[in-house]
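Participant: The sequence isn't on hand, but the structure is:
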RNA sequence: UCCCCUGUAGCUCAGCUGGUAGAGCAAUUGACUGUUAAUCAAUGGGUCGUAGGUUCGAGUCCUACCGGGGGAGCCA
């Protein structure tokens, strides 16, 4: 079989680059078959785009294989590309050869109808074959490319931070243990597990962030970014948390919080514009089936300023608002979801950056402001998704950093010697943030559950496929 | 982890105040059609999440457990 000479459907339908009457070979999965006496139609999708192409069989009697071709089968169609004689599509294939490559029987779970997302999650091995997940996986790929393009064009270096970490206190929640110790018969010393016997000679975990290492590279290379998997062993059961997700973490040397906010805003707008301009087919699909206003929202956000306000200002707005909150607000408490949602969805109706948070509720590495009460932290909040970016200017003053670590109760400071060393030798002001890639995709596509924007989600009680 | 809702044919669901199950789609068979989530007809298909309990009798009520959804916390 000459699989190599096949023509991808996107080249026919989307880019219009195949001339009429060209002999083409289509390889793909059957979406639906309609067999009659005089004519039969075999509609195929090959994953290159949303649209299917239909093969037209003029004399069905001469193709007994038609009776074996059901929805879900893989087929090879050879024939001439012709102008469609029916309405509804521009092109079709006048079938000359029709081969069933891989049959699918009546048990094929994907029917010619809409399925619930809940059901599709249970068949995550097959859901990529649906229109929605095809579009999601394609736009995910394109947006990942856009991430690299954005940073590479700005002169940032793409760096790889370790997946396995030995520091158990990165300030971002629960960690997954990495171990080769026989857990049914662990080595014991002084009544406790002897981790020096473990693979790395010490306790080790999956990284919850590449930030600390990112800072090291930034002070050497200037501007860097990471884009990789991140693991959080939190028992979070929400539509916007996953145990394994992809995060983009830029880190800029010689940059303060304003520069950080500028970068975050520019970055998000770049992704929104990229989706609108370079992912037209997917975005029109999402606009039709997922969220009718999503394109309009992205376009208006891409052309407007994000609202920036300090935590203190945010608290004042919330306190003077007539909105009834379940949790009362006052200076010093962390903003609840309902507060964040009010700010971004009701008050400003666009992305909002809140910065300068009370130091008590933020991590040790964030730069202390001169007021001694707040730190240079920032959160970017967007409607429907909530917190999409979290970042800060880092504390680059060695003595201040050491003090804050002590205040935060970090006892094993000597294990962070490497982190402190970049402050000890030629320290530079630097800033960075983390963007949850899936949350960005949710915002861009209008999808409302993080489990549907990553092909194989990992969440509490679910790591199948 | 907490609160609320939910679990009935392959899928989406109906099943009122308890009396041993229905529809649409899918599938199978046949007919018909330049069709396009094709159409029409017939047929097959369910130990009602699991385990207990109340009751003469439970899909329907109660308890526990296991899934799923929404919200909260944690955050990206």
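Facilitator: Received it, and whenever you're ready, just let me know what you need. Everything quoted here is computed from the prediction, not taken from an experiment.

Participant: Identify the residues contacting residue A:79.
Facilitator: Residues in contact with residue A:79 (C-beta atoms under 8 Å, 6 or more residues apart in numbering) are A:23, A:24, A:55, A:93, A:94, A:95, A:96, A:97. All C-beta spots, glycine's among them, are computed from the backbone N, C-alpha and C.

Participant: Then residue A:130?
Facilitator: A:110, A:115, A:120.

Participant: next one: residue A:137
Facilitator: A:128, A:455.

Participant: can I assume it sits in a helix?
Facilitator: Yes: counting by DSSP: H, G, I helix; E, B strand; the rest coil, residue A:137 is part of a helix.

Participant: Between the contacts of residue A:79, which sits nearest RNA strand B?
Facilitator: Relative to RNA strand B, the closest of the contacts of residue A:79 is residue A:94; by C-beta to the nearest atom of the strand it sits at 7.2 Å.

Participant: got the residue ranges for the helices in the stretch 1-150 of chain A?
Facilitator: A:9-13, A:117-122, A:131-153 (DSSP state H, counting those that start in this stretch).

Participant: So which residues on the stretch 201-350 of chain A come close to RNA strand B?
Facilitator: The stretch 201-350 of chain A comes close to RNA strand B at residues A:209, A:232, A:234-243, A:245, A:247, A:327, A:334, A:336-338, A:341, as judged by C-beta under 7 Å from any atom of the strand.

Participant: picking that back up, now pLDDT too, for the contacts of residue A:130, in a markdown table please.
Facilitator: Shown next, in a markdown table, are those (pLDDT from 0 to 100):
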| residue | pLDDT |
| --- | --- |
| A:110 | 87 |
| A:115 | 88 |
| A:120 | 92 |
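
Participant: Can you name the residue of chain A nearest to RNA strand B?
Facilitator: For chain A, C-beta to the nearest atom of the strand, closest residue to RNA strand B: residue A:36, 1.8 Å.

Participant: residues contacting that residue?
Facilitator: residue A:60.

Participant: tell me which element residue A:249 falls in.
Facilitator: Assigned by DSSP states H and E, residue A:249 belongs to strand A:244-253.

Participant: Against which helices or strands is that strand packed?
Facilitator: Here strand A:244-253 is seen to pack against helix A:211-221, strand A:223-231, helix A:257-278, strand A:430-436, helix A:437-445 when contacts are counted using 3 or more C-beta pairs under 8 Å, 6 or more residues apart in numbering; DSSP states H and E.

Participant: would you list those in TSV and tack on mean neighbour count and mean pLDDT?
Facilitator: TSV is the format used below for the helices and strands packed on strand A:244-253 (neighbours: other C-beta atoms under 10 Å; pLDDT from 0 to 100):
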stretch	mean neighbour count	mean pLDDT
helix A:211-221	21	96
strand A:223-231	21	96
helix A:257-278	19	98
strand A:430-436	25	97
helix A:437-445	25	96
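
Participant: will you turn the ones you listed into TSV that also has distance to residue A:368?
Facilitator: Shown next, in TSV, are the helices and strands packed on strand A:244-253 (distance: least, C-beta to C-beta, whole Å):
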stretch	distance to residue A:368
helix A:211-221	17
strand A:223-231	24
helix A:257-278	12
strand A:430-436	14
helix A:437-445	28
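
Participant: So the residue lying closest to residue A:396 once chain neighbours are set aside: helix, strand or coil?
Facilitator: Nearest non-adjacent residue to residue A:396, counting by C-beta to C-beta, 6 or more residues apart in numbering: residue A:427, 4.7 Å away. When classified by three-state DSSP, residue A:427 comes out as coil.

Participant: Just give me the neighbour total for residue A:427.
Facilitator: Neighbours of residue A:427 under the rule other C-beta atoms under 10 Å: 17.

Participant: Residue A:422 reaches residue A:214, doesn't it?
Facilitator: No: in this structure residue A:422 lies outside contact range of residue A:214 using C-beta atoms under 8 Å: 11.3 Å.

Participant: picking that back up, kindly supply the PyMOL command isolating those of the residues of the stretch 201-350 of chain A next to RNA strand B that are buried.
Facilitator: Selection of buried members from those for PyMOL, criterion 16 or more other C-beta atoms under 10 Å:
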select buried, chain A and resi 209+232+240+241+242+243+245+247+341
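
Participant: Next, check the residues of the stretch 201-350 of chain A next to RNA strand B against the helices and list the overlap.
Facilitator: The helices, defined by DSSP state H, take in A:337, A:338, A:341 from those.

Participant: Mind putting these into a markdown table with pLDDT and distance to residue A:356?
Facilitator: Below are these laid out as a markdown table (pLDDT from 0 to 100; distance: C-beta to C-beta, whole Å):
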| residue | pLDDT | distance to residue A:356 |
| --- | --- | --- |
| A:337 | 93 | 20 |
| A:338 | 93 | 21 |
| A:341 | 94 | 21 |
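
Participant: quick check, nearest of these to residue A:417?
Facilitator: residue A:337 (37.7 Å; C-beta to C-beta).

Participant: Please report the distance of the closest one from residue A:348.
Facilitator: 16 Å (C-beta to C-beta, to the nearest Å).

Participant: ditto for residue A:37
Facilitator: For residue A:37, the distance to residue A:348 - C-beta to C-beta - is 62 Å.

Participant: the more surrounded of those two?
Facilitator: residue A:348 (17 against 8).

Participant: Provide a list of residues in contact with that one.
Facilitator: Contacts of residue A:348 (C-beta under 8 Å, 6+ apart): residue A:307.

Participant: pLDDT score for it?
Facilitator: Note for residue A:348: predicted pLDDT of 94.

Participant: One more: residue A:169?
Facilitator: So residue A:169 comes in at 56 (pLDDT).

Participant: try residue A:464
Facilitator: Residue A:464 is given a pLDDT of 86.

Participant: One more: residue A:39?
Facilitator: Per-residue pLDDT puts residue A:39 at 88.

Participant: Could you do the one 4 residues further on as well?
Facilitator: Residue-level confidence at residue A:43 comes out at 91, pLDDT.

Participant: Kindly report the same for residue A:69.
Facilitator: The score at residue A:69 is 88. That number is its pLDDT.

Participant: Tell me who's in contact with the closest residue to residue A:28 other than its chain neighbours.
Facilitator: Residue nearest to residue A:28 in three dimensions, not counting chain neighbours: residue A:46, with 3.4 Å by C-beta to C-beta, 6+ apart. Applying C-beta under 8 Å, 6+ apart, one finds that residue A:46 lies in contact with A:6, A:8, A:9, A:26, A:27, A:28, A:29.

Participant: could I get those as a markdown table with neighbour count and pLDDT?
Facilitator: Output for the contacts of residue A:46, formatted as a markdown table (neighbours: other C-beta under 10 Å; pLDDT from 0 to 100):
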| residue | neighbour count | pLDDT |
| --- | --- | --- |
| A:6 | 17 | 94 |
| A:8 | 18 | 96 |
| A:9 | 25 | 95 |
| A:26 | 25 | 95 |
| A:27 | 21 | 94 |
| A:28 | 24 | 93 |
| A:29 | 21 | 92 |
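
Participant: Inside strands: which ones of these?
Facilitator: The strands, defined by DSSP state E, take in A:26, A:27, A:28, A:29 from those.

Participant: Mind listing the residues bridging to the third one?
Facilitator: The one in question is residue A:28. Assessed by DSSP bridges, residue A:28 has beta-bridge partners residue A:75.
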